[in-house]
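Q: Take this sequence and fold it.
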Amino acid sequence: MLNRSLTLKLWLLAIVLAKALPMNSPAYGQIIQPIPQQPESFQERMRQQQEERIQQTQEQLKETWLRQNLQQPLIQQQDFTRQRQELIRQQQLRLQQEQTRLQQQQFTRQQQLRIQDQQLRQDQQIRQQQQFRLQEQRRQQELRQQKDNL
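A: You can find the predicted model right below:
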């Protein structure tokens, strides 16, 4: 666009000079000759560089978009997997705690049963001893009575 504007201005300048200068003037021939175009003007190089930058930016944006949209499901899957593993770990921990609690209860119950069994044995021994004493007392009493009766 800048190149067109510059070309248009140069043509207008040539027309103005052509009108101002007489046709038989040596400068007239030089003005009418076409201006050789430079292979690449400064404005053209700037335009191409800007287009290249725009294209690079668009490619980077496209790459970023693709990366995010392709990686996002992967990241979500990884997050889901991590959360699931954490949930499983917590469930396993709860199960272990429950097993430990049940084992402690069972141990406590066994302890209580042993203690009860021990108390029953002691009670039984005490009864036997009391019974033996009573029998012994009766026997002694009978012996005394027999002695007294003689």
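Q: Could you list every helix and strand in contact with the longest helix out of those in the chain?
A: Secondary structure of the chain per DSSP state H: the longest helix is helix 42-149. Applying 3 or more Cβ pairs under 8 Å, 6 or more residues apart in numbering; DSSP states H and E, one finds that helix 42-149 contacts helix 2-20. No exception for glycine: its C-beta is placed from N, CA and C like everyone else's.
Q: can you tell me the average pLDDT over the longest helix of the chain?
A: Averaged across helix 42-149, the pLDDT comes to 90.
Q: From Leu150, how far off is Gln125?
A: 37 Å (Cβ to Cβ, to the nearest Å).
Q: Check Gln43 too.
A: Distance from Gln43 to Leu150, by Cβ to Cβ: 155 Å.
Q: between those two, which one's more packed in?
A: The residue with more neighbours, out of Gln43 and Leu150, is Gln43; 14 against 5, by other Cβ atoms under 10 Å.
Q: Leu6 is in contact with that one, correct?
A: Yes. The criterion here is Cβ atoms under 8 Å, and Gln43 meets it with Leu6 at 7.3 Å.
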